[in-house]
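1. From the sequence below, what's the structure:
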Amino acid sequence: MYDSALQVYAGEHGGRFPEGTNSYSALQKLYPDLIPARNLAGVSGEIDAPSRVIVKGGVLTSNESSWVYFPGLNRDDGPDIMILYERTTGISGIGTRVHGHAVGFSGGHIRLIPDAQWESFLAEQAKLRAKLLSPR
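-> The predicted model follows:
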């Protein structure tokens with residue numbers, strides 16, 4: 001799935017996760033070698049939407065993917081840096097109903113962040129990313 005594809009990509013690129021002009025063009029780099037287009041839809045996205053865009057030579061947008069991805073990070077940034085999350089609350093990384101967001105971390109693990117903690121978690125992760133990315 002997306003988490004292992006990101007880890008494989010980083011392993012093949014000196015520890016760096018995909019980069020691009022935006023988060024969706026970065027995620028699109030996982031296709032077709034590491035994941036099928038349908039996996040780019042995210043958990044709550046329309047499963048065929050990425051294929052329709054990619055076949056026409058287009059670049060994914062938030063209309064085709066429910067993933068929110070943070071380009072510019074690498075494995076050396078620490079295992080608990082969020083690199084990706086499912087935009088829609090209430091759906092786990094495997095599509096079951098939950099109370100929170102599925103989050104993928106740079107260390108390769110996935111965790112559910114409960115809705116009650118979501119805003120503070122986002123704020124803390126934004127601070128961590130800013131600290132990591134500011135010297136780059």
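2. Could you list the buried residues of the least confident helix or strand in the chain by mean pLDDT?
-> When each helix and strand of the chain is scored by mean pLDDT, DSSP states H and E, helix 2-12 comes last, with a mean of 90. Residues of helix 2-12 classed as buried under the neighbour-count rule (16 or more other C-beta atoms under 10 Å) are 2, 3, 5, 6, 7, 9, 10. Glycine gets a C-beta too; all of them are placed from N, C-alpha and C.
3. likewise stretch 52-70?
-> The neighbour-count check on stretch 52-70 (16+ other C-beta under 10 Å) flags 53, 54, 60, 64, 65, 66, 67, 68, 69, 70 as buried.
4. Select the longest helix from this structure.
-> Counting residues, the longest helix in the chain under DSSP state H turns out to be helix 115-133.
5. just checking, what packs against that helix?
-> Applying 3 or more C-beta pairs under 8 Å, 6 or more residues apart in numbering; DSSP states H and E, we find helix 115-133 packed against strand 82-86, strand 100-105.
6. Now residue 85: closest residue in space, sequence neighbours ignored.
-> Taking C-beta to C-beta, 6 or more residues apart in numbering as the measure, residue 85 lies nearest to residue 103, with 4.5 Å between them; neighbours along the chain are not counted.
7. meant to ask about residue 108, not that
-> The nearest residue in space to residue 108 (C-beta to C-beta, 6+ apart) is residue 7, at 4.8 Å.
8. Low-confidence bits of this structure, can you list those?
-> Within the chain, the ranges that satisfy pLDDT under 70 run 1-2, 92-95.
9. at 90 instead, please
-> In the prediction, the chain carries residues with pLDDT under 90 at positions 1-4, 42-45, 55, 88, 90-99, 102, 110, 134-136.
10. Lovely, talk soon.
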